[in-house]
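In: Sharing a model prediction with you, sequence too.
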Amino acid sequence: DTHIFGSKGPRKITILLYNVEKPIHPLKENETIIEEWRAGRATDLIEIKNKTPVYNEESKIYSLALLENHAIQPSHKNFQLVITNGDHEEDIVMQFGRIDDNNFALDYRYPLTAMQAFAIALSSFHNRFRT
């Protein structure tokens, strides 16, 4: 199905966090964080993205290989967030997945705090927008 936002397939998540190890510079009057990031001038931000699920032709669904420390059930709410390290490799910084009908597992690590990880996980519980 096509989402109301016009995209097909799995959702894409981009999270921008201030890098606490760098000084925060003030924005100019009509400047926004998003504009700075899009223009490539936001050097004090950390970019975290979700790992893209792979489409499985046999089962006709998108799937994501989650870490094996939980018995995760398939769900459109499952996701992993990755950050690119200095070696241009992806490091997993958060994983959220369904365990059973009423329980989910949330794993996270630096640079995310517990509050940030919880807020990001809650965002996956929105109703799926469809046209």
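Out: Sure thing, it's come through.

In: can you point me to the longest strand in this structure?
Out: strand 90-100 (DSSP state E).

In: Low-confidence stretches in the chain?
Out: Applying pLDDT under 70 to the chain flags the ranges 1-9, 66-72, 126-131.

In: tell me the SS of Leu122?
Out: Judged by DSSP: H, G, I helix; E, B strand; the rest coil, the three-state class of Leu122 is helix.

In: can you count the residues close to it?
Out: 11 (other C-beta atoms under 10 Å). For every residue, glycine as well, the C-beta is placed using N, CA and C.

In: Okay, and the beta partners of the residue most central in space within the chain?
Out: Nearest residue to the geometric centre of the chain (C-alpha atoms, centre = their mean): Asn50, 3.7 Å. Beta-bridge partners recorded for Asn50 (DSSP bridges): Leu81.

In: For it, give its distance to Ser124.
Out: 10 Å (C-beta to C-beta, to the nearest Å).

In: who touches both of the two?
Out: Residues touching both Asn50 and Ser124 by C-beta atoms under 8 Å, 6 or more residues apart in numbering: Phe79.

In: hang on, the earlier thing: was I right to think the residue nearest to the centre of the chain contacts Ile83?
Out: No: Asn50 is beyond contact range of Ile83, at 11.1 Å (criterion: C-beta atoms under 8 Å).

In: quick one: furthest residue from the center of this protein?
Out: Glu29 (29.3 Å).
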